[in-house]
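Visitor: here's a sequence, model it:
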Amino acid sequence: MYWTNTMKFSDALRRTMFEFNLTGADLARQTGLSQNTVSAFKTGNQSISTENLEKILEAMPAEARRYYLRLLNDGFDKSSNDVIAV
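Guide: Residues are numbered from 1 along each chain as shown. Prediction:
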């Protein structure tokens, strides 16, 4: 099974990583995925399997995981002018 909405996943991942100062290297090291794979998920250039999504979520601190899941559940605030550094 794969998430088909990679843009929504990648936006949420990018924003979560920014907000919690997580690096691709950190997540790669903790998940066993390559840094290139984490980067491809973050940019939306690659779909993510359920297994790899679980690995990434488990590697995040609990607060970051809740934040990420809330972003996916609620979506982004369309009225916000937030800018995410990539």
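Visitor: only C-alpha atoms for contact and neighbour calcs from this point on.
Guide: Noted.
Visitor: can you give me the helices in this protein?
Guide: For the chain, the helices defined by DSSP state H occupy 6-19, 24-31, 35-43, 50-59, 62-74.
Visitor: those: lowest mean pLDDT?
Guide: Least confident of these, judged by mean pLDDT, is helix 6-19 with a mean of 84.
Visitor: what angle separates that helix from helix 35-43?
Guide: With axes from the mean of the first three to the mean of the last three Cα atoms, to 10 degrees as the basis, helix 6-19 and helix 35-43 are set at 110 degrees to each other.
Visitor: what does helix 6-19 rub up against?
Guide: Residues from elsewhere that reach helix 6-19 (Cα atoms under 8 Å, 6 or more residues apart in numbering): 22-23, 41-48, 64, 67-68, 71-72, 84-86.
Visitor: quick one on the thing from earlier: reformat the helices of the chain as JSON lines; add mean neighbour count.
Guide: JSON lines is the format used below for the helices of the chain (neighbours: other Cα atoms under 10 Å):
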{"stretch": "helix 6-19", "mean neighbour count": "20"}
{"stretch": "helix 24-31", "mean neighbour count": "17"}
{"stretch": "helix 35-43", "mean neighbour count": "19"}
{"stretch": "helix 50-59", "mean neighbour count": "15"}
{"stretch": "helix 62-74", "mean neighbour count": "15"}
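Visitor: pick out the residue nearest the middle of this structure.
Guide: In the chain, the residue lying closest to the centroid (Cα atoms, centre = their mean) is Leu13, at 2.0 Å.
Visitor: so what touches stretch 61-76?
Guide: Contacting residues not belonging to stretch 61-76 are listed as Lys8, Phe9, Ala12, Leu13, Thr16, Phe20, Leu57, Glu58 [Cα under 8 Å, 6+ apart].
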